[in-house]
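>>> Got a predicted structure plus its sequence, pasted below:
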Amino acid sequence: MVTFVILAVVSVVGALGVVLLRQPIHAALSLVGTLLTLAVLFVTLQAHFLAVIQVLVYAGAIMVLFLFVIMLLNIEQQRKEIRPWLRWVAYGIGLVAAVGLIVGALLDPRQAPDAAVARAALQGGNALLIAEVLYFEFMLAFQLVGVLLLTGMVGAVALVQRRRPPPGGVSAATAREAVLTDRPGRPSSHPVEAGGR
Amino acid sequence: MTLLPEGFIVWSVLAPALFLLGFALLTLLLGVFQRDRGFVAAVALTGIAGAAVFALHFLMEAQRGSAESGFGLRYLADAHASAFTLVILLGTALAVLVGQGTLERLDLDHPEYFPLLLLSATGAVVMVSAGDLITLLLGLEIMSLAVYVLAAWRSDVRQSQEAGLKYFLLGSFASALFIYGIALTYGAGGHFDYASLMAVFAATGFEAHITALLGAVLIIAGLGFKVAFVPFHQWAPDVYTGAPTPVTTFMAVVVKTAAFGALLRVAATIFAGLEAGALGAILPGVLVVLIGATLVVGNLGALLQAGVKRMLAYSAVAHAGYLGLAVVAAGADGMAAAGFYLAAYTLMTAGAFAVLTQVMDDDDRGDTIEHFAGLGRRRPWLAAAMAVCLLSLAGIPPFAGFIGKVLVIQAAITAGHVVLAVLAVVTSVVAVVYYARVVVAMYFREQSSAARLPERPASRSVDVAIGIAAVGTLLLGLLPGLWYTLLEQGQNLLVFVSSP
Amino acid sequence: MYESLLMMFLAAGFIGAAAVVVGALLGPKRAGPDKLAAYESGLPATGTARERFPVHFYLVAMLFILFDVEAAFFFPLAVKFGMAPQFLFAQAIIFVAILAVGYIYVIRKGVLDWK
């Protein structure tokens, strides 16, 4: 119970940091904190496989994408907010939703399952249990995930890589076009590209 | 194999979706191995036709009362699923034809266009055939992801970028709500599949009403975003207007059909099960408020638009309201009525957008009423097709839109929602005004010098699409029984029957 | 039951902290303008570090995640494989085949060619 309270507090503080911190990088790091805490929470629930996936995929790979987006957009300074009241409206709605969910959960008359029972059922790693459900009962969903991944792949490439490279590799011109938007008057060679040579 | 009951895996029910997927992969590979676009479009159409044959087969099976399902009622091929699959395939085929005729001219010609259309259609087919919330979610994501990309297809045009980004951000948010809804529903019912949820919710010992209700409301929000119910409609005018017109053609018809197909099924099973228990009266109340607001906002919004493309976007919102009448009557005649309405809607909306691609210039601009002035004299066939589609959208007999409206209003009255039915009739009168404005401009006004029609040879494939749409609208209006009897008499699985 | 894990984290934290603290305590500090400048492979540093990155990086990261998720799906499959080898193998093949089409597409598009 004590473990749960500590983890819950840390993860909620982390989540609040995501919405309250003004610097995008800070918000992203705060999100890492929340995701890692969730992974630990999974461990305490004996869901080791989920915990590892949580760290590998979310705290690892997805966060890299977040940081890439922040770097792509290159938000130098906090710009003046458009409609500052909107932020407070959003906070209000978030608060109402959270309170609603908590009240809803408290009003649910069913007894929560005993943690010890659940823990005993999951003893010995849950990759096996996941496999029993995922590849049998939900085999259709599993294959559809493959289609979803493919769609994401084609979509991402289709938006960015617009022209087929000429035979013999991508030309410098095509590579430069791959920069999403180049501001006029900006030197076209990026330090990253320059550093690569 | 030991973990699965006998007869769990039924590959055959997947046939329409698998056929589409297979051809999506084929067109993707053809695209990068440099075949010409016309050939790829023909391959895409072949795939759509093949899928349609399978869907038609399942529809006929459903007529005989032997509707099929597979994967433990997680994937259904009954009358509802097959009919909606056919409507989706019709919309996709029209979008492919329009795309083939306009992509090059509008500088949209990239090899991923047709594969993404087919992948999106695959997701749409999965959505209407889904028998559990996980399958539904994955179908929704596959469909949406492809459409987000297509909305931003003109990456050099600001409006298209904005459309893609806006649709993506708001769509992801709606998906998040939808997933929360699924999680809460699972928390309340302990199952993902509609059949079990329906049974659990309606059972006498069921206690977790509030959790289930929260879940249902969030599911309505998630799917309501896709069908553009007010207040989740905000994206629709901007995205429909900003996206390239050939993409809007697809988006307006296929996404709406798929989302309504899923929403109707969820309403006829999970919601109906919930309504049988305590607190059951709240859910129809929520739906009635949303649908009433959609009818009013959609129609008034369309009335205020100067651009025809934006007017059609608001009209799409308004039609979501009319289709909502079928959702509140989902258990009764709603599913069949919506199936008819969506077939009519697909034909007339795709037709109107297809005509729009011919009127707008090569920069995908110029859609004011001025541009339609005098069209009746200059391009009589084009104007006639547009008039048919618009009058049908307005719900004027003898076109298909009229029959569709009658059917959904009838279904709502039978289900006891008289107020909504009256509101629908009143707002349809308003709707006549904004559709008629374009028709009047086409026939009773001289072409203005400022807004000239672009001079270019007509595209044969777009003409075919417009022809199919106009003739279909007329045919479905004159002989509605052809399609409606298939919907009405076909067997639907899982529909909630309240026990006395 | 997680004592060993705790020990490992403590050891890792200790080594990391020790390296910094010992370096700060024992290392000589003779700062100068050249020493305080950012080091960029011996070249003089120009411009701001907050440059916009080419979107190509993002694309590669995106593809990495997609295949990463794919790999993550196979771990439970491997654990359960002995139970129904043919059935699970067929599933894995279908899953990979769908993504393999995407892989061929990505290769043909030249996304993985780095100039």
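It's in. Numbering: from 1, shown residues only, chains lettered A, B, ... in the order given.
>>> What lies in contact with the lowest-mean-pLDDT helix or strand in chain C?
Every helix and strand in chain C was compared by mean pLDDT, DSSP states H and E; the lowest is helix C:33-36, with a mean of 76. Helix C:33-36 has contacts (Cβ atoms under 8 Å, 6 or more residues apart in numbering or on different chains) with no other residue. Glycine gets a C-beta too; all of them are placed from N, C-alpha and C.
>>> tell me which residues in the helix or strand just after that helix are buried?
Sequence-wise, the next helix or strand downstream of helix C:33-36 (DSSP states H and E) is helix C:55-80. Neighbour counts over helix C:55-80 (16 or more other Cβ atoms under 10 Å in any protein chain shown) mark C:55-56, C:58-59, C:61-63, C:65-67, C:69-70, C:73, C:76-77, C:79-80 as buried.
>>> which is the next helix or strand following helix C:55-80?
helix C:85-109.
>>> what packs against that next one?
In this structure, helix C:85-109 makes packing contacts with helix A:139-160, helix B:15-32, helix C:55-80, judged by 3 or more Cβ pairs under 8 Å, 6 or more residues apart in numbering or on different chains; DSSP states H and E.
>>> export stretch B:129-140 as CSV, just CAs?
Written as CSV, here are the backbone C-alpha positions of stretch B:129-140 (Å, rounded to 0.1, in the frame of the first residue of the first chain):
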residue,chain,number,x,y,z
SER,B,129,-17.8,-5.7,-39.3
ALA,B,130,-16.3,-5.5,-35.8
GLY,B,131,-18.0,-7.5,-33.0
ASP,B,132,-15.8,-6.3,-30.2
LEU,B,133,-14.4,-3.0,-29.1
ILE,B,134,-10.7,-3.9,-29.7
THR,B,135,-11.3,-4.8,-33.3
LEU,B,136,-13.4,-1.7,-33.7
LEU,B,137,-10.6,0.5,-32.2
LEU,B,138,-8.0,-1.0,-34.5
GLY,B,139,-10.2,-0.5,-37.6
LEU,B,140,-10.9,3.1,-36.5
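>>> got a list of what residue C:67 touches?
Residue C:67 touches residue C:99, counting by Cβ under 8 Å, 6+ apart.
>>> what's the answer for residue B:341, then?
Applying Cβ under 8 Å, 6+ apart, the residues contacting residue B:341 are B:322, B:323, B:326, B:404, B:405, B:407, B:408.
>>> can you do 10 Å?
B:87, B:257, B:260, B:319, B:322-323, B:325-326, B:334, B:400-401, B:403-408, B:411 (Cβ atoms under 10 Å, 6 or more residues apart in numbering or on different chains).
>>> Go through these and flag which are in helices.
B:87, B:257, B:260, B:319, B:322-323, B:325-326, B:400-401, B:403-408, B:411 (DSSP state H).
>>> Check the burial of residue B:353 by counting its neighbours.
30 (other Cβ atoms under 10 Å in any protein chain shown).
>>> Please name the nearest non-neighbouring residue to it.
residue B:249 (4.0 Å; Cβ to Cβ, 6 or more residues apart in numbering or on different chains).
>>> pretty sure the one you found is touching residue B:243, no?
Yes. Applying Cβ atoms under 10 Å, one finds residue B:249 in contact with residue B:243, separated by 9.5 Å.
>>> Give the rounded mean pLDDT of the helix or strand hosting residue B:213.
Using DSSP H and E, the element containing residue B:213 is helix B:209-227. On average, the pLDDT along helix B:209-227 is 92.
>>> Which SSE is immediately downstream of that helix?
Taking DSSP H and E, what comes next after helix B:209-227 is helix B:235-242.
>>> could you give the angle of that following helix to helix B:209-227?
20 degrees (axes from the mean of the first three to the mean of the last three Cα atoms, to 10 degrees).
>>> How about residue B:261: what's its closest non-neighbour residue?
Per Cβ to Cβ, 6+ apart, closest to residue B:261 is residue B:128, 3.3 Å.
>>> hang on, the one you found is in a helix, isn't it?
Yes. Membership of residue B:128 in a helix is supported by DSSP: H, G, I helix; E, B strand; the rest coil.
>>> Give me the mean pLDDT for the strand or helix carrying residue B:355.
Using DSSP H and E, residue B:355 maps to helix B:335-359. Mean per-residue pLDDT for helix B:335-359: 95.
>>> likewise stretch B:481-496?
Rounded mean pLDDT across stretch B:481-496 is 86.
>>> Stretch A:71-90 now?
74.
>>> Do a quick rundown of the helices in the stretch 51-200 of chain B.
Taking DSSP state H, counting those that start in this stretch as the test, the helices found in the stretch 51-200 of chain B are B:79-102, B:113-129, B:133-151, B:158-189, B:194-202.
>>> So which elements touch the second one?
It stands for helix B:113-129. If you count contacts as 3 or more Cβ pairs under 10 Å, 6 or more residues apart in numbering or on different chains; DSSP states H and E, helix B:113-129 packs onto helix A:139-160, helix B:15-32, helix B:37-63, strand B:75-77, helix B:79-102, helix B:133-151, helix B:245-250, helix B:256-266.
>>> what residues are up against residue B:418?
Taking Cβ under 10 Å, 6+ apart, one finds B:409, B:412 in contact with residue B:418.
>>> And for the one 4 residues further on?
Applying Cβ under 10 Å, 6+ apart, one finds that residue B:422 lies in contact with B:409, B:412, B:413.
>>> Just the buried positions in the helix or strand that contains it, please.
Assigned by DSSP H and E, residue B:422 belongs to helix B:418-444. Within helix B:418-444, the residues that qualify as buried are B:420-421, B:423-424, B:427-428, B:430-432, B:434-435, B:437-439, B:441-443, counting by 16+ other Cβ under 10 Å.
>>> what sits against the closest residue to residue B:37 other than its chain neighbours?
Closest residue in space to residue B:37, ignoring its immediate chain neighbours: residue B:109 at 6.2 Å, by Cβ to Cβ, 6+ apart. Going by Cβ under 10 Å, 6+ apart, residue B:109 touches B:37, B:99, B:102, B:103.
>>> circling back: distance-wise, check the residue nearest to residue B:353 relative to residue A:110.
48 Å (Cβ to Cβ, to the nearest Å).
>>> and the two? which has more neighbours close in?
Using other Cβ under 10 Å as the criterion, residue B:249 and residue A:110 rank with residue B:249 on top: 30 against 11.
>>> Which pLDDT value goes with the more buried one?
95.
>>> So the residue nearest to residue B:261 is in contact with residue B:76, correct?
Yes. Contact criterion Cβ under 10 Å: residue B:128 and residue B:76 qualify, at 8.9 Å.
>>> so what's in contact with those two at the same time?
With Cβ under 10 Å, 6+ apart as the test, residue B:128 and residue B:76 both reach B:82, B:265.
>>> just for the stretch 301-450 of chain B, where's the confidence low?
B:332, B:449-450 (pLDDT under 70).
>>> Output the residue of it whose distance to chain A is smallest.
As assessed by Cβ to the nearest Cβ, chain A sits closest to residue B:364 within the stretch 301-450 of chain B, at 17.4 Å.
>>> which SS class is that residue?
Residue B:364 - assigned by three-state DSSP - is coil.
>>> What count of nearby residues applies to it?
Around residue B:364 sit 25 other residues, with neighbours defined as other Cβ under 10 Å.
>>> Please report phi then psi for it.
phi 60, psi 40 (degrees, to the nearest 10).
>>> which ones are touching it?
B:102, B:105-108, B:154, B:157, B:159-160, B:242-246, B:248, B:309, B:356-357.
>>> which of the residues you listed are buried?
Buried among the contacts of residue B:364 (16+ other Cβ under 10 Å): B:102, B:105-106, B:108, B:154, B:157, B:159-160, B:242-246, B:248, B:309, B:356-357.
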